[in-house]
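Peer 1: 3D, please:
(one chain, ligands or ions: 1)
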Amino acid sequence: MATPLVIHDRNVMRELILSSRTIGRRVGFVPTMGSLHAGHTSLVDQAVAECDDVVTSIFVNPSQFGPQEDFEKYPRDFDADFNLLARHNVCWIFAPDVHEMYPPGDSTRIEIGGPADPYEGTLRPGHFSGVATIVFRLLQAVPSHAVYFGAKDWQQVLVVRQMVHDLQLDVQVMTCPTVRDTDGLALSSRNTYLNESERNRAQTIYAALQQAEQNWCRGLAIDTIEQKLRDMLTAKEIQIDYADIVHAESLKKISEVSQNTPAIFLIACRLGSTRLIDNILLPSRAFSSC
Ligand code: PAF
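Peer 2: Here you go, the predicted model:
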């Protein structure tokens with residue numbers, strides 16, 4: 001166990017990373033909004049396994065929350081996060097305040113097209129602009145070799161990849177598998193908002209995705225697979241924002257059953273006032289993985 005150094009100043013952070021790179025060390029970066037759980041530490045563990053020095057940022061980014069969203073009540077517990085990161089051998093914790101990332105007078109935002117447009121992009125206007133803007137600024141402060149994201153936020157991964165490609169940023173975007181609770185619910189800081197009944201019902205989300213995967217492998221029509229999943233969720237009074245099988249890269253709807261394209265089932269749903277997202281990558285129907 002190493003005690004991480006906490007850095008608040010982005011110039012200090014940048015100098016530390018550049019010094020590390022100068023002596024040939026590989027630097028990995030895990031950006032987070034804190035309230036850390038095993039999903040985050042799996043990213044950290046992968047970064048630690050692949051890099052010499054690992055930085056985690058903790059910053060609840062105001063620009064990615066809509067006016068009616070949960071910025072104020074988003075869970076924050078720096079001491080718990082610090083202790084967890086210490087146990088996972090993080091070298092530096094970058095914990096800037098809002099003015100460090102959004103200097104007074106700030107009015108610049110990054111707008112991404114393509115994968116940022118549908119789904120979360122439509123339902124949460126400005127969200128991906130906020131994500132892209134902060135990830136870009138964090139990468140300025142933390143010029144790492146590789147940056148790690150969880151596959152649960154699949155669309156976010158595509159948006160970051162698009163930005164890195166378009167702005168020709170010199171960083172590798174790594175995607176790590178979703179980490180789930182024992183009953184299958186994808187770990188999320190927002191799970192703490194669920195009451196007992198909602199938490200019990202929430203396990204249906206992954207059960208429904210697994211059923212969809214089986215139906216996919218059995219060759220059922222896409223509309224039927226989607227409808228069966230919707231029925232399973234609505235039977236548990238889970239409200240669906242979207243539940244679609246799409247191309248895993250373009251996020252465009254897939255209509256042909258036999259297409260040998262990378263496919264993903266994306267879901268966003270609500271239990272009470274808590275909104276959760278999840279997904280499952282669907283195996284290629286052309287191969288024997290089904
Ligand atoms: O996935 C998250 O926690 C956030 O969207 C991120 C990437 C840290 C940007 O604030």
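Peer 1: for the residue lying closest to Gly114 once chain neighbours are set aside, grab the count of nearby residues.
Peer 2: Excluding the flanking residues, the one nearest Gly114 by Cβ to Cβ, 6 or more residues apart in numbering is Gln162, at 5.4 Å. In short, each C-beta sits where N, CA and C put it, glycine included. Neighbour count of Gln162, defined by other Cβ atoms under 10 Å: 18.
Peer 1: quick check: Gln162 is in a helix.
Peer 2: Yes. Gln162: assigned to a helix according to DSSP: H, G, I helix; E, B strand; the rest coil.
Peer 1: for it, give its distance to Leu281.
Peer 2: Gln162 sits at a distance of 19 Å from Leu281 (criterion: Cβ to Cβ, to the nearest Å).
Peer 1: tell me if stretch 139-152 is near the ligand.
Peer 2: No. Contact of stretch 139-152 with the ligand (Cβ under 6 Å from any ligand atom) is absent, the minimum separation being 6.6 Å.
Peer 1: may I see the buried residues of that stretch?
Peer 2: Buried residues in stretch 139-152, counted by 16 or more other Cβ atoms under 10 Å: 139, 141-152.
Peer 1: got it, and stretch 52-70?
Peer 2: In stretch 52-70, counting by 16+ other Cβ under 10 Å, buried: 53-61, 63-65, 70.
Peer 1: could you do stretch 264-281 as well?
Peer 2: 264-269, 271, 274-280.
Peer 1: the ligand: which of these is nearest?
Peer 2: Taking Cβ to the nearest ligand atom as the measure, the ligand sits nearest to Ile277 out of these, at 10.9 Å.
Peer 1: mind listing what that closest one touches?
Peer 2: Glu120, Lys152, Asp153, Leu266, Ile267, Ala268, Cys269 (Cβ atoms under 8 Å, 6 or more residues apart in numbering).
Peer 1: which one is the second one nearest to, not counting chain neighbours?
Peer 2: Spatially, and ignoring its direct neighbours in sequence, Lys152 is nearest to Thr178 (4.3 Å; Cβ to Cβ, 6+ apart).
Peer 1: which element is Gln210 on?
Peer 2: helix 196-217 (DSSP states H and E).
Peer 1: neighbours of the closest residue to the ligand within the stretch 151-290 of the chain, how many?
Peer 2: For the stretch 151-290 of the chain and the ligand, the shortest gap (Cβ to the nearest ligand atom) falls at Asp153, measuring 5.3 Å. By other Cβ under 10 Å, 21 other residues sit near Asp153.
Peer 1: and Asn89, by the same measure?
Peer 2: Neighbours of Asn89 (other Cβ under 10 Å): 15.
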